[in-house]
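Chemist: Predicted model and sequence below, questions to follow.
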Amino acid sequence: MNANRPSGPFWAHGLWPVLMLLVAAVFIRTHLHAEVLPPYERLSAFPERIGPWTGSMVTIPDDDLAVLGPGHFMERLYQASGKRNVDLFIAFFPKQTTGDTIHSPKHCLPGAGWTAISNRIIHVPWGNGKMLNANEYAMEFGSSREMVLYWFQSHGRTVASEYWAKFYLVADSLRMNRTDGALVRVITPLGMKESLVSGEGRALVFTRRVLPLLGRFIPN
């Protein structure tokens, strides 16, 4: 696993996100063709058992749903004997339009008193030559700590950067006439003396079990 390091002139990194957002907004606003998606299952059918974990549904508050916008959402708390809990959240948007695109968790992670103590982008192989590209955050609030992984997923591709997600949104709309996409987030609490490496390992073990299932609910 490696953390991404920016390269190139400083102004380019500031200009790139602005340009991508402008291009995405203009294109989505003017894109009028009807989209046709491959068949996919609703998130309500997502497996309740994943390896040794059994999931129970978490009710998403109406205020949060209003912020998320039109889409399909699922949050489950997975528990296993002798293991710490893992929270799985999936937001799938069959169609994204201007003002109704995927919201990046990095803007809401610091909310409610939580602060980041470390963050990086990770690249994790998970089988058949596939690579998970995800954001990894360690968060703390008083004596509580948690490990957070999240990524953007569309058409079989996982992306950590929200700006690259916008780029692929436009590119796939041109190439495939599709603007569907998803956000996947995994959270696990850390024990009082547990290391970040241990928490990361648990989150990744669970995530590797989840990844092969996602194609049924997030169409390739």
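Modeler: Here it is on my side, so go on. Values in this document were obtained by computation on a predicted structure and should not be read as measured data.
Chemist: can I assume His103 sits in a strand?
Modeler: No - according to DSSP: H, G, I helix; E, B strand; the rest coil, the state of His103 is coil, so it is not within a strand.
Chemist: can you tell me how far it sits from Pro189?
Modeler: 23 Å (C-beta to C-beta, to the nearest Å). The way it works is simple: take the backbone N, C-alpha and C, and place the C-beta from them, glycine included.
Chemist: Next: Pro61.
Modeler: Distance from Pro61 to Pro189, counting by C-beta to C-beta: 20 Å.
Chemist: Those two - which one has more neighbours?
Modeler: Pro189 (16 against 8; other C-beta atoms under 10 Å).
Chemist: list the buried ones in stretch 62-71?
Modeler: For stretch 62-71, burial by neighbour count (16 or more other C-beta atoms under 10 Å) applies to Leu68, Gly71.
Chemist: quick check: mean pLDDT across that stretch?
Modeler: Taken as a whole, stretch 62-71 carries a mean pLDDT of 85.
Chemist: For it, what is the distance to the chain centroid?
Modeler: A distance of 16 Å separates the centroid of the chain from that of stretch 62-71, by C-alpha atoms, centre = their mean, to the nearest Å.
Chemist: would you put the C-alpha positions of that stretch in PDB?
Modeler: The C-alpha coordinates for stretch 62-71 follow below in PDB (Å, rounded to 0.1, in the frame of the first residue of the first chain):
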ATOM      1  CA  ASP A  62     -34.300  11.900   7.400                       C
ATOM      2  CA  ASP A  63     -32.100  15.000   7.600                       C
ATOM      3  CA  ASP A  64     -29.100  13.000   6.300                       C
ATOM      4  CA  LEU A  65     -31.200  11.600   3.500                       C
ATOM      5  CA  ALA A  66     -32.300  15.100   2.500                       C
ATOM      6  CA  VAL A  67     -28.600  16.100   2.200                       C
ATOM      7  CA  LEU A  68     -27.700  12.900   0.200                       C
ATOM      8  CA  GLY A  69     -30.300  13.600  -2.400                       C
ATOM      9  CA  PRO A  70     -32.100  11.100  -4.800                       C
ATOM     10  CA  GLY A  71     -30.500   7.700  -4.600                       C
END
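Chemist: for the helix or strand where Trp126 lies, which positions count as buried?
Modeler: Using DSSP states H and E, the element containing Trp126 is strand 115-127. Judged by neighbour count (16+ other C-beta under 10 Å), strand 115-127 contains these buried residues: Ile121, Ile122, Val124, Trp126.
Chemist: dump the residue contacts of the closest residue to Pro125 other than its chain neighbours.
Modeler: Nearest non-adjacent residue to Pro125, counting by C-beta to C-beta, 6 or more residues apart in numbering: Met131, 5.6 Å away. Residues near Met131 by C-beta atoms under 8 Å, 6 or more residues apart in numbering: His123, Val124, Pro125, Thr158.
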